[in-house]
Each structure stands twice: as structure tokens, then as C-alpha cells.
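K.L.:
Return a 3D structure for these sequence lines:
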Amino acid sequence: MESVRLPLEPAYPIRLDRVLLRPFLESDLDAVADIESRPEVVRYLMWDVMDREAAQGLLERRLRQHRIEAEDTALVLAVTVPPSERLVGEVMLRLTSERHRQGEIGWSLHPDAQGRGYATEAARELLRIGFEDLGLHRIAADADPRNTGSIRIMERLGMRHEALYREAFYLKGEWVDEIHYAILEDEWRDQRTVR
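P.N.:
Next comes the predicted model:
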């Protein structure tokens, strides 16, 4: 059986059709604080709205997340829109199991950037990196079932609905379900040949 290829640090920046992916910079603090202070952005995330100090702490973690070195480490990349290079969100690829070649992706975007296909384009590139560069066999994504925007992205990526976990988390004062999607490497390769 193949093994994952570690460490993984893509050549940055990653230029796509409409977005650019790059590691976070210290100068991203204002944009990170703006995004993470919005209730509509963090509604389905594991944390609450952030003040500037909390956003600084998040940014400090993000500054170190530009390579995957071992299991349970992640790439968390800034999504920017050329030509302004304005930070509009982030995408994440995590190695969840080295032995079983499993990964996870996720994303969050500023409300002004949602609905334009930026998250789909960026997440599609993370699938490519996960399968081609890291050598993963399976990549999953999870969402709150009420987060219809994220579910549409997973479906556009060709991911399949695998499970609904009832009341999986107690989050922000309520029990929250979790919906689980995934795609296998051969499924991903098959859909690429169709395009």
C-alpha cells in the first residue's frame, strides 16, 4: 500500500482561475478580525465571534499552518481575490490518518465573498493537493445540516453524502447535528476525466 508523502508544503502562492491561495501573513490581522467578528461566519464553526485579541491568537496559529508534517497537522491557507489580493476567507486540508491515508477539508468565507464560487474553486484545489501531492485515499468534509451553502459546495466537488450524526455536538447552547460527506481518490480521478 502507498503511504502519504510527508512533509507537504506546496509552492506558494497557488494561483487559480479567480482566487489565490497563500499562507497567512501578519498583515492579515484586520481582515481576519473582520471575518471572525461576524456572527453569520462563525454560526456553524466551533468558536464564537472573536474580538481583535482572539483574532490575533487565531492568526498566530494560522501563520504556522502552511505545511503538513504529520498526522493531525493541516494546511490552512488564506483565500484572496486578485488583483487586490483582499483576504476573503480560508480553506483547510488536514491529515487525519497517516496509516489509512485519510484527510479532511473545510472552508469559511466573508459574507461578501460567498455565493461566487470562490470556496468551491479553492476547495477543489485542496482536493487535488490532497490526492496528488499528499497521496490521500479519502477526503471528508463535515457541516451542520442547516449550512446549505457548505453542503452545496461538497456536492459541487463530487463528494457523496455518507452520514447524518444526530445531536453530535453541544454547541452555542444547543445540540447540533453533523452531516458527513467524502470522496475517494478514484472517484475524484474519474470526475476529472469527465471534465
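
K.L.:
tell me the contacts of the closest residue to Ala168 other than its chain neighbours?
P.N.:
The shortest distance from Ala168 to any non-neighbouring residue, by CB to CB, 6 or more residues apart in numbering, is to Glu178 (4.1 Å). For the C-beta atoms, the positions are set from N, CA and C on the backbone; glycine is no exception. Shown in contact with Glu178 (CB atoms under 8 Å, 6 or more residues apart in numbering): 142-145, 164-165, 168-169.

K.L.:
Let me see the contact set for the residue most central in space within the chain.
P.N.:
Per CA atoms, centre = their mean, the C-alpha nearest to the average position across the chain is that of Gly106, at 2.6 Å. The contact partners of Gly106, taken as CB under 8 Å, 6+ apart, are 91-92, 94, 141-142.

K.L.:
In strands, which of those appear?
P.N.:
Counting by DSSP state E, the part of the contacts of Gly106 found in strands is 91-92, 94, 141-142.

K.L.:
in the sheet, who's paired with the residue nearest to Ala168?
P.N.:
Note on Glu178: beta-bridge partners by DSSP bridges are Tyr165.

K.L.:
how close does it get to Gln114?
P.N.:
From Glu178 across to Gln114, the span is 21 Å (CB to CB, to the nearest Å).

K.L.:
averaged over its residues, what pLDDT does stretch 77-89 have?
P.N.:
The average pLDDT within stretch 77-89 is 93.

K.L.:
Can you report how many residues lie near the nearest residue to Gly149 once chain neighbours are set aside?
P.N.:
In space, and not counting its chain neighbours, Gly149 is closest to Gln114: 6.3 Å by CB to CB, 6+ apart. Counted with other CB atoms under 10 Å, residues neighbouring Gln114 total 16.

K.L.:
What's the per-residue pLDDT of Tyr12 here?
P.N.:
Reported pLDDT for Tyr12: 97.

K.L.:
which residues of this protein fall in strands?
P.N.:
14-15, 20-22, 74-81, 86-97, 102-109, 138-143, 160-171, 174-184.

K.L.:
What strands flank the shortest one, and is each parallel or antiparallel?
P.N.:
With DSSP bridges as the test, strand 14-15 is paired with strand 20-22 (antiparallel).

K.L.:
quick one: contacts of the partner strand?
P.N.:
Residues from elsewhere that reach strand 20-22 (CB under 8 Å, 6+ apart): 12-14, 77-82, 85, 91, 122, 125.

K.L.:
Can I get those residues in TSV including neighbour count?
P.N.:
Putting these into TSV (neighbours: other CB atoms under 10 Å) gives the following:
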residue	neighbour count
Tyr12	13
Pro13	15
Ile14	16
Leu77	28
Ala78	25
Val79	25
Thr80	22
Val81	16
Pro82	12
Glu85	12
Val91	24
Ala122	27
Glu125	20
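
K.L.:
and of the residues you listed, the nearest to His110?
P.N.:
Ranked by distance to His110 (CB to CB), the contacts of strand 20-22 are led by Val79 at 9.2 Å.
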